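Participant: Predicted model and sequence follow; I will ask about them next.
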Amino acid sequence: MHVRLANAPVSYGIYSPENAPLPPDELLGTFQEQGYRGTDSGPLGYLGEGEALTRRLARHGLSLAGGWADLRYGGDPDAFAADLRSLDHTLDVFTAVPVDDKLFAPRPTLACPADPERFAAPGAPVDPGLQLAEGEWEAFAADVQRAADRCRERGLEPVFHHHLGTAVETPEETRRLLSLTDISLCLDTGHWWLAGGDPVAAVAEFGPRIRQVHLKDADRAAHARARNAGGDLWRVVAEGGFRALGEGDLDFAAVLAALRDAEYTGWLVVEQDAPPAPCGRDLDRITADQRANRELLREKGL
(Lines give C-alpha, C1' and ligand atoms only; values in the text may rest on other atoms or scores of the structure.)
Protein backbone atom coordinates (compact mmCIF):
# COMPACT_ATOMS: atom_id res chain seq x y z
CA MET A 1 0.00 0.00 0.00
CA HIS A 2 1.63 3.21 -1.22
CA VAL A 3 -0.12 6.07 0.57
CA ARG A 4 0.29 9.56 1.94
CA LEU A 5 -1.72 11.05 4.80
CA ALA A 6 -3.65 14.30 4.63
CA ASN A 7 -6.11 16.11 6.85
CA ALA A 8 -8.86 18.56 5.91
CA PRO A 9 -10.30 21.94 6.94
CA VAL A 10 -13.64 20.22 7.60
CA SER A 11 -12.03 18.61 10.66
CA TYR A 12 -11.97 22.12 12.14
CA GLY A 13 -15.50 23.04 11.07
CA ILE A 14 -14.31 25.13 8.11
CA TYR A 15 -17.01 25.08 5.44
CA SER A 16 -16.61 28.59 4.06
CA PRO A 17 -13.73 31.06 3.94
CA GLU A 18 -15.81 33.68 5.76
CA ASN A 19 -16.50 31.64 8.92
CA ALA A 20 -13.19 29.88 9.42
CA PRO A 21 -12.16 29.64 13.10
CA LEU A 22 -8.48 29.50 12.08
CA PRO A 23 -6.47 31.45 9.50
CA PRO A 24 -5.13 29.12 6.81
CA ASP A 25 -1.48 29.31 7.81
CA GLU A 26 -2.30 28.35 11.37
CA LEU A 27 -4.35 25.38 10.17
CA LEU A 28 -1.65 24.16 7.80
CA GLY A 29 0.99 24.67 10.47
CA THR A 30 -1.04 22.39 12.71
CA PHE A 31 -1.21 19.74 9.99
CA GLN A 32 2.53 20.00 9.42
CA GLU A 33 3.25 19.71 13.13
CA GLN A 34 1.03 16.62 13.37
CA GLY A 35 2.98 14.92 10.60
CA TYR A 36 0.58 15.09 7.67
CA ARG A 37 1.90 15.39 4.13
CA GLY A 38 -1.14 16.96 2.55
CA THR A 39 -4.39 18.80 2.96
CA ASP A 40 -7.78 18.85 1.31
CA SER A 41 -8.57 22.23 -0.20
CA GLY A 42 -11.59 22.88 1.97
CA PRO A 43 -13.85 25.63 0.60
CA LEU A 44 -12.23 26.96 -2.54
CA GLY A 45 -10.38 30.17 -1.82
CA TYR A 46 -9.77 29.51 1.88
CA LEU A 47 -6.19 28.39 1.25
CA GLY A 48 -5.76 30.85 -1.62
CA GLU A 49 -5.40 30.25 -5.34
CA GLY A 50 -2.61 30.32 -7.90
CA GLU A 51 0.76 31.47 -6.61
CA ALA A 52 -0.65 32.29 -3.18
CA LEU A 53 -1.81 28.69 -2.75
CA THR A 54 1.44 27.26 -4.10
CA ARG A 55 3.54 29.39 -1.74
CA ARG A 56 1.34 28.57 1.24
CA LEU A 57 1.54 24.83 0.67
CA ALA A 58 5.31 25.01 0.15
CA ARG A 59 5.75 27.05 3.32
CA HIS A 60 4.26 24.19 5.33
CA GLY A 61 5.71 21.31 3.32
CA LEU A 62 2.28 20.08 2.26
CA SER A 63 0.68 18.94 -1.00
CA LEU A 64 -2.90 19.34 -2.15
CA ALA A 65 -4.83 16.07 -1.87
CA GLY A 66 -7.98 17.27 -3.64
CA GLY A 67 -11.21 18.99 -2.82
CA TRP A 68 -14.99 19.02 -3.06
CA ALA A 69 -17.03 20.04 -6.11
CA ASP A 70 -20.78 19.48 -6.04
CA LEU A 71 -22.87 19.77 -9.18
CA ARG A 72 -26.60 19.60 -9.89
CA TYR A 73 -26.77 16.45 -11.99
CA GLY A 74 -29.69 15.25 -14.07
CA GLY A 75 -31.98 18.24 -13.68
CA ASP A 76 -31.94 21.75 -15.10
CA PRO A 77 -29.40 21.86 -17.98
CA ASP A 78 -28.68 25.53 -17.34
CA ALA A 79 -27.91 24.84 -13.67
CA PHE A 80 -25.60 21.98 -14.61
CA ALA A 81 -23.85 24.15 -17.21
CA ALA A 82 -23.26 26.80 -14.55
CA ASP A 83 -21.87 24.16 -12.21
CA LEU A 84 -19.52 22.90 -14.93
CA ARG A 85 -18.12 26.43 -15.17
CA SER A 86 -17.54 26.37 -11.41
CA LEU A 87 -15.86 22.99 -11.79
CA ASP A 88 -13.59 24.49 -14.44
CA HIS A 89 -12.47 27.10 -11.92
CA THR A 90 -11.76 24.37 -9.36
CA LEU A 91 -9.70 22.52 -11.97
CA ASP A 92 -7.81 25.72 -12.75
CA VAL A 93 -6.84 25.92 -9.08
CA PHE A 94 -5.86 22.26 -8.82
CA THR A 95 -3.83 22.07 -12.02
CA ALA A 96 -1.80 25.15 -11.05
CA VAL A 97 -0.39 23.38 -7.97
CA PRO A 98 2.96 21.61 -8.46
CA VAL A 99 2.86 17.81 -8.10
CA ASP A 100 5.94 15.74 -7.28
CA ASP A 101 4.28 12.38 -8.05
CA LYS A 102 1.29 11.91 -10.36
CA LEU A 103 -0.06 9.22 -8.04
CA PHE A 104 -0.70 12.00 -5.52
CA ALA A 105 -2.11 14.67 -7.82
CA PRO A 106 -5.18 16.44 -6.38
CA ARG A 107 -8.40 14.47 -6.73
CA PRO A 108 -11.43 16.52 -7.82
CA THR A 109 -14.01 15.12 -5.40
CA LEU A 110 -17.32 15.20 -7.25
CA ALA A 111 -20.49 15.01 -5.22
CA CYS A 112 -24.10 16.13 -5.04
CA PRO A 113 -25.34 19.26 -3.30
CA ALA A 114 -27.38 18.70 -0.18
CA ASP A 115 -30.95 17.57 -0.76
CA PRO A 116 -33.08 19.45 1.82
CA GLU A 117 -35.38 16.53 2.61
CA ARG A 118 -32.61 13.97 2.85
CA PHE A 119 -30.37 16.37 4.80
CA ALA A 120 -33.20 16.63 7.34
CA ALA A 121 -33.14 12.84 7.88
CA PRO A 122 -29.65 11.66 6.90
CA GLY A 123 -28.43 8.08 6.78
CA ALA A 124 -30.09 4.71 7.16
CA PRO A 125 -32.97 4.10 7.15
CA VAL A 126 -33.72 6.04 3.95
CA ASP A 127 -37.23 6.99 2.88
CA PRO A 128 -37.57 5.37 -0.59
CA GLY A 129 -39.80 8.24 -1.65
CA LEU A 130 -36.84 10.62 -1.42
CA GLN A 131 -34.56 8.59 -3.68
CA LEU A 132 -34.02 9.04 -7.39
CA ALA A 133 -36.77 7.40 -9.43
CA GLU A 134 -35.86 4.63 -11.85
CA GLY A 135 -36.32 6.94 -14.82
CA GLU A 136 -34.05 9.63 -13.39
CA TRP A 137 -30.86 7.61 -13.12
CA GLU A 138 -29.82 7.70 -16.78
CA ALA A 139 -29.74 11.51 -17.04
CA PHE A 140 -28.17 11.81 -13.59
CA ALA A 141 -25.36 9.39 -14.43
CA ALA A 142 -24.79 10.97 -17.84
CA ASP A 143 -24.10 14.32 -16.16
CA VAL A 144 -21.76 12.69 -13.64
CA GLN A 145 -19.88 11.14 -16.55
CA ARG A 146 -19.65 14.52 -18.30
CA ALA A 147 -18.15 16.06 -15.18
CA ALA A 148 -15.70 13.19 -14.80
CA ASP A 149 -14.63 13.50 -18.43
CA ARG A 150 -14.11 17.24 -17.90
CA CYS A 151 -11.66 16.51 -15.08
CA ARG A 152 -9.75 13.96 -17.12
CA GLU A 153 -9.43 16.39 -20.01
CA ARG A 154 -7.48 18.56 -17.57
CA GLY A 155 -5.23 15.66 -16.53
CA LEU A 156 -6.83 14.93 -13.15
CA GLU A 157 -8.58 11.73 -12.06
CA PRO A 158 -11.92 12.53 -10.39
CA VAL A 159 -13.59 10.53 -7.64
CA PHE A 160 -17.22 10.49 -6.60
CA HIS A 161 -18.06 10.99 -2.92
CA HIS A 162 -21.22 9.33 -1.61
CA HIS A 163 -22.48 11.55 1.21
CA LEU A 164 -25.25 11.67 3.80
CA GLY A 165 -28.05 14.07 2.96
CA THR A 166 -27.58 13.86 -0.82
CA ALA A 167 -28.97 11.93 -3.77
CA VAL A 168 -26.12 9.41 -3.60
CA GLU A 169 -25.98 8.40 0.02
CA THR A 170 -26.40 4.64 0.38
CA PRO A 171 -24.27 1.72 -0.78
CA GLU A 172 -27.05 0.76 -3.19
CA GLU A 173 -27.14 4.25 -4.73
CA THR A 174 -23.36 4.28 -4.99
CA ARG A 175 -23.35 0.90 -6.74
CA ARG A 176 -25.97 2.11 -9.19
CA LEU A 177 -23.96 5.21 -10.06
CA LEU A 178 -20.74 3.23 -10.49
CA SER A 179 -22.53 0.74 -12.75
CA LEU A 180 -23.65 3.57 -15.06
CA THR A 181 -20.35 5.49 -15.21
CA ASP A 182 -16.62 4.86 -15.16
CA ILE A 183 -15.91 7.36 -12.39
CA SER A 184 -13.63 6.31 -9.54
CA LEU A 185 -14.85 6.19 -5.96
CA CYS A 186 -13.96 8.26 -2.92
CA LEU A 187 -14.76 5.87 -0.08
CA ASP A 188 -15.69 7.82 3.03
CA THR A 189 -15.65 5.23 5.80
CA GLY A 190 -17.86 7.22 8.20
CA HIS A 191 -20.55 8.21 5.70
CA TRP A 192 -20.59 4.65 4.34
CA TRP A 193 -21.13 3.26 7.86
CA LEU A 194 -23.94 5.63 8.81
CA ALA A 195 -25.65 4.93 5.47
CA GLY A 196 -25.79 1.25 6.41
CA GLY A 197 -22.62 -0.05 4.76
CA ASP A 198 -19.48 -1.85 5.92
CA PRO A 199 -16.28 -0.08 4.79
CA VAL A 200 -14.19 -3.27 4.98
CA ALA A 201 -16.63 -5.04 2.66
CA ALA A 202 -16.67 -1.96 0.41
CA VAL A 203 -12.90 -2.13 -0.08
CA ALA A 204 -13.19 -5.79 -1.03
CA GLU A 205 -16.10 -5.06 -3.39
CA PHE A 206 -14.76 -2.01 -5.22
CA GLY A 207 -11.00 -2.63 -5.00
CA PRO A 208 -9.14 -0.66 -7.69
CA ARG A 209 -12.20 1.52 -8.35
CA ILE A 210 -11.35 3.30 -5.08
CA ARG A 211 -8.97 6.16 -5.89
CA GLN A 212 -9.42 8.27 -2.74
CA VAL A 213 -10.21 7.37 0.87
CA HIS A 214 -11.60 9.63 3.56
CA LEU A 215 -10.83 8.06 6.93
CA LYS A 216 -13.63 8.85 9.33
CA ASP A 217 -14.97 7.03 12.39
CA ALA A 218 -18.68 7.05 13.13
CA ASP A 219 -21.13 6.17 15.89
CA ARG A 220 -24.44 4.63 14.84
CA ALA A 221 -25.92 5.05 18.31
CA ALA A 222 -25.22 8.81 18.29
CA HIS A 223 -26.60 9.00 14.76
CA ALA A 224 -29.78 7.22 15.81
CA ARG A 225 -30.27 9.48 18.84
CA ALA A 226 -29.95 12.61 16.71
CA ARG A 227 -32.32 11.29 14.05
CA ASN A 228 -34.87 10.06 16.58
CA ALA A 229 -34.89 13.56 18.07
CA GLY A 230 -35.71 14.97 14.65
CA GLY A 231 -32.17 16.17 14.01
CA ASP A 232 -30.69 16.90 10.60
CA LEU A 233 -27.12 16.19 9.46
CA TRP A 234 -25.71 19.13 11.41
CA ARG A 235 -27.35 17.69 14.54
CA VAL A 236 -25.76 14.31 13.82
CA VAL A 237 -22.36 16.00 13.52
CA ALA A 238 -22.86 18.13 16.64
CA GLU A 239 -23.91 15.14 18.75
CA GLY A 240 -20.90 12.98 17.93
CA GLY A 241 -22.02 11.03 14.88
CA PHE A 242 -18.42 11.32 13.68
CA ARG A 243 -15.80 10.52 16.30
CA ALA A 244 -12.05 10.55 16.60
CA LEU A 245 -10.52 7.50 14.94
CA GLY A 246 -10.85 4.51 17.24
CA GLU A 247 -13.61 6.08 19.35
CA GLY A 248 -16.54 5.09 17.13
CA ASP A 249 -17.78 1.79 15.77
CA LEU A 250 -15.22 1.15 13.05
CA ASP A 251 -12.30 -1.26 13.25
CA PHE A 252 -9.54 0.72 11.59
CA ALA A 253 -7.07 -2.14 11.78
CA ALA A 254 -9.49 -4.09 9.58
CA VAL A 255 -10.08 -1.12 7.26
CA LEU A 256 -6.35 -0.58 6.74
CA ALA A 257 -5.74 -4.31 6.30
CA ALA A 258 -8.40 -4.38 3.59
CA LEU A 259 -6.77 -1.42 1.84
CA ARG A 260 -3.39 -3.17 1.98
CA ASP A 261 -4.91 -6.36 0.56
CA ALA A 262 -6.44 -4.29 -2.25
CA GLU A 263 -3.02 -2.66 -2.86
CA TYR A 264 -4.59 0.76 -2.51
CA THR A 265 -2.41 3.63 -3.72
CA GLY A 266 -3.15 7.29 -3.07
CA TRP A 267 -4.17 9.74 -0.41
CA LEU A 268 -5.69 8.75 2.91
CA VAL A 269 -7.49 11.90 4.01
CA VAL A 270 -8.39 12.08 7.69
CA GLU A 271 -11.71 13.84 8.14
CA GLN A 272 -13.69 14.24 11.33
CA ASP A 273 -16.65 16.40 10.38
CA ALA A 274 -16.98 19.17 12.95
CA PRO A 275 -19.95 21.54 13.31
CA PRO A 276 -19.67 24.82 11.39
CA ALA A 277 -17.49 27.31 13.20
CA PRO A 278 -20.21 29.51 14.77
CA CYS A 279 -21.62 26.54 16.69
CA GLY A 280 -18.51 24.40 16.73
CA ARG A 281 -16.70 22.70 19.57
CA ASP A 282 -13.76 24.49 21.10
CA LEU A 283 -10.53 24.41 19.13
CA ASP A 284 -8.58 22.73 21.93
CA ARG A 285 -10.89 19.73 21.78
CA ILE A 286 -10.76 19.59 18.00
CA THR A 287 -6.95 19.79 18.02
CA ALA A 288 -6.77 17.03 20.64
CA ASP A 289 -8.97 14.82 18.46
CA GLN A 290 -6.77 15.45 15.44
CA ARG A 291 -3.64 14.60 17.40
CA ALA A 292 -5.35 11.39 18.53
CA ASN A 293 -6.26 10.60 14.94
CA ARG A 294 -2.65 10.96 13.84
CA GLU A 295 -1.38 8.90 16.77
CA LEU A 296 -3.75 6.03 16.00
CA LEU A 297 -2.49 5.94 12.42
CA ARG A 298 1.11 5.94 13.62
CA GLU A 299 0.25 2.94 15.78
CA LYS A 300 -1.04 1.28 12.61
CA GLY A 301 2.23 1.90 10.83
CA LEU A 302 1.27 5.03 8.86
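Facilitator: Perfect, I can see it now.
Participant: quick one: A96 and L57 touch, right?
Facilitator: No: at 11.1 Å, A96 and L57 do not qualify as touching, with contact defined as Cβ atoms under 8 Å. All C-beta atoms are positioned from the backbone trio N, CA, C, and that covers glycine.
Participant: so how far is the first residue of stretch 202-215 from its last?
Facilitator: 13 Å (Cα to Cα, to the nearest Å).
Participant: What residues of it count as buried?
Facilitator: Within stretch 202-215, the residues scored as buried using 16 or more other Cβ atoms under 10 Å are 202-203, 205-206, 209-215.
Participant: Relative to the whole chain's centre, how far out is it?
Facilitator: Its chain's average C-alpha position is 13 Å from that of stretch 202-215, according to Cα atoms, centre = their mean, to the nearest Å.
Participant: ok, now stretch 3-11?
Facilitator: 10 Å.
Participant: And the contacts of stretch 83-102?
Facilitator: With contacts defined as Cβ atoms under 8 Å, 6 or more residues apart in numbering, stretch 83-102 is touched by 41, 44, 49-50, 53-54, 57, 63-64, 66-67, 69-72, 105-106, 108, 146-147, 150-151, 154-156.
Participant: So which residues of the stretch 151-300 of the chain form strands?
Facilitator: 159-161, 184-188, 210-215, 217-218, 242-243, 265-270 (DSSP state E, counting those that start in this stretch).
Participant: Could you list which of the contacts of stretch 83-102 belong to strands?
Facilitator: Among the contacts of stretch 83-102, the members found in strands (DSSP state E) are 63-64, 66-67, 69-70, 108.
Participant: what's the most distant pair in those?
Facilitator: S63 and D70 (23.1 Å; Cβ to Cβ).
Participant: Can you pick out the residue with more neighbours from those two?
Facilitator: Just comparing S63 and D70: by other Cβ atoms under 10 Å the higher neighbour count belongs to S63, 21 against 17.
Participant: if you compare the strands of the stretch 151-300 of the chain, which one is most tucked away?
Facilitator: Across these, the average number of neighbours (mean count of other Cβ atoms under 10 Å) peaks for strand 217-218, which reaches a mean of 26.
Participant: Any chance you could list what contacts it?
Facilitator: 189-191, 193-194, 241-250, 252, 272.
Participant: Write the PyMOL selection for whichever of these are buried.
Facilitator: The following PyMOL line selects those of the contacts of strand 217-218 that are buried, judged by 16+ other Cβ under 10 Å:
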select buried, resi 189+190+191+193+194+241+242+243+244+245+246+247+248+250+252+272
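Participant: show me what contacts the residue nearest to T170 when sequence neighbours are not counted?
Facilitator: Excluding the flanking residues, the one nearest T170 by Cβ to Cβ, 6 or more residues apart in numbering is A195, at 4.8 Å. By Cβ under 8 Å, 6+ apart, the contact list for A195 reads 123-124, 126, 162, 164, 169-171.
Participant: Right, I'll call it a day here.
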